[in-house]
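>>> Sharing a model that was predicted from the sequence below.
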Amino acid sequence: MPINIPDLIPAKNVLRGENIFVMSESRAISQQIRPMKVLLLNLMPNKIETETQLLRLLANTPLQVDVEFLRIHNKESKNTPQDHMNAFYRDFNDIKETNFDGLIITGAPLGQIDFDDVSYWEQIKAVFDWSQRHVTSTLFLCWAAHAAFYHLYGLERRIRDEKIAGVFLHQRSKSHDPLLRGFDDEFWVPHSRFAQMNVSDIGGHPELEILADSPQAGAYLVVSNDRRNLFVLGHPEYNVTTLNDEYHRDVAAGESPDLPQNYYPEDNPKNSPKGCWRSHANLLLTNWLNYYVYQITPFDLNDPESRTPWEN
């Protein structure tokens, strides 16, 4: 089934060019289907690129998904046209009385800034708290996961001296959770961050469980006991070229970044990288929507008490 997105959003033509089924709003309203309502809070500077990455993954599920876009503030963006933001993004006050099946909160380039010093920290905390009452399941990506650990569970991150960047091998810590159905025993995931969560802190918290991790990159997939919160401590949504773009951006800025690990053939940045994580990324989003959202969410979103209790 397709994703339903606004008729004129730039990602539509990109995804259709990749043979991904995208349905326009005008067509979707004619179908008698209860679609999944997913909200995307996009904190990344280049909104259009991140939209396309995540919509590409959401479009691979057999469920029909209506996607809405949320911004944390209406200040002018340096990397995304304001006309785009005004046309496709909603403010929190517009949706705070609405319930959603799913919420995705992206990462943000704030890995070395204290949470309390983030200019929109109060707004982020309000969204986190709202999600616990108005969303069936929330997927927190990278920085958003670190921030949610801190605000919702009181867990502190550690700032690394060196950035961890590259593609790392991961293993399942638990075999039988529905989120991991179809996963290989080992799989690759891109990472790009300075922050690190302490695995023992997460594993020792009574409300959290680690489902997958990496000896090099640490905890990767973490869930709350009721599966309302999924923390993804990496970037499965990345394009094949994203780490390359980040590396050359840092070089051009006069920095001396390490080469992303396990990324360039022969560790030569002149060689084109190969993607080895896309199958896992698609399966992760499909399983999240199916098992943590669709199988649990109430048919009537205005009746959250009819939500099906989580059963593993």
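On my side now, so go ahead.
>>> Please make it C-alpha for all contacts and neighbour counts, starting now.
OK.
>>> which residues in the stretch 201-312 of the chain form helices?
Assigned by DSSP state H, counting those that start in this stretch, the helices in the stretch 201-312 of the chain fall at 242-252, 278-287.
>>> quick one, which of these is nearest to Asn268?
Smallest distance to Asn268 across the helices of the stretch 201-312 of the chain (C-alpha to C-alpha): 11.1 Å, for helix 242-252.
>>> what about the stretch 51-200 of the chain, any weak spots by pLDDT?
Judged against pLDDT under 70, the stretch 51-200 of the chain has no low-scoring part.
>>> switch the cut-off to 80
Along the stretch 51-200 of the chain, segments meeting pLDDT under 80 span 62, 175.
>>> Would you map the strands across it?
65-70, 89-90, 100-105, 135-141, 157-172, 186-197 (DSSP state E, counting those that start in this stretch).
>>> which of the helices of the stretch 201-312 of the chain sits most buried?
helix 278-287 (a mean of 19; mean count of other C-alpha atoms under 10 Å).
>>> CA atoms only for that helix, dumped as CSV, please.
Provided in CSV are the C-alpha atoms of helix 278-287 (Å, rounded to 0.1, in the frame of the first residue of the first chain):
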residue,chain,number,x,y,z
ARG,A,278,18.7,-0.7,3.1
SER,A,279,17.0,-4.1,3.5
HIS,A,280,17.3,-3.8,7.3
ALA,A,281,16.0,-0.2,7.3
ASN,A,282,12.9,-1.1,5.3
LEU,A,283,12.2,-4.1,7.5
LEU,A,284,12.6,-2.0,10.7
LEU,A,285,10.1,0.6,9.6
THR,A,286,7.7,-2.1,8.3
ASN,A,287,7.8,-4.1,11.5
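>>> For that helix, give the mean pLDDT please.
The average pLDDT for helix 278-287 rounds to 95.
>>> returning to that earlier point: turn the helices of the stretch 201-312 of the chain into a markdown table, columns for distance to Leu55.
A markdown table is the format used below for the helices of the stretch 201-312 of the chain (distance: least, C-alpha to C-alpha, whole Å):
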| stretch | distance to Leu55 |
| --- | --- |
| helix 242-252 | 16 |
| helix 278-287 | 10 |
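>>> Tell me which of these sits nearest to Ser200.
Within these, the stretch nearest Ser200 is helix 278-287; the backing value is 23.9 Å (C-alpha to C-alpha).
>>> How much space separates the most centrally placed residue in the chain from Leu230?
Centroid-nearest residue in the chain, with C-alpha atoms, centre = their mean: Leu141, separated by 4.0 Å. Using C-alpha to C-alpha, to the nearest Å, Leu141 is found at 9 Å from Leu230.
>>> returning to what we had before: the residue nearest to the centre of the chain: what's it in contact with?
104-107, 231-235 (C-alpha atoms under 8 Å, 6 or more residues apart in numbering).
>>> Now tabulate these in a markdown table and tack on neighbour count and distance to Glu209.
Listed next are the contacts of Leu141 as a markdown table, based on neighbours: other C-alpha atoms under 10 Å; distance: C-alpha to C-alpha, whole Å:
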| residue | neighbour count | distance to Glu209 |
| --- | --- | --- |
| Ile104 | 20 | 19 |
| Ile105 | 24 | 20 |
| Thr106 | 23 | 21 |
| Gly107 | 26 | 21 |
| Phe231 | 25 | 10 |
| Val232 | 24 | 12 |
| Leu233 | 29 | 13 |
| Gly234 | 26 | 17 |
| His235 | 21 | 19 |
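>>> Looking at those, which one is closest to Gln196?
If you rank those by distance to Gln196 using C-alpha to C-alpha, Leu233 comes first, at 8.8 Å.
>>> Surely the closest one is in contact with Leu221?
Yes - contact criterion C-alpha atoms under 8 Å: Leu233 and Leu221 qualify, at 6.5 Å.
>>> pLDDT at Arg34, what is it?
pLDDT recorded at Arg34 is 78.
>>> Quick check: it is in a strand.
No - counting by DSSP: H, G, I helix; E, B strand; the rest coil, Arg34 is located in no strand; its state is coil.
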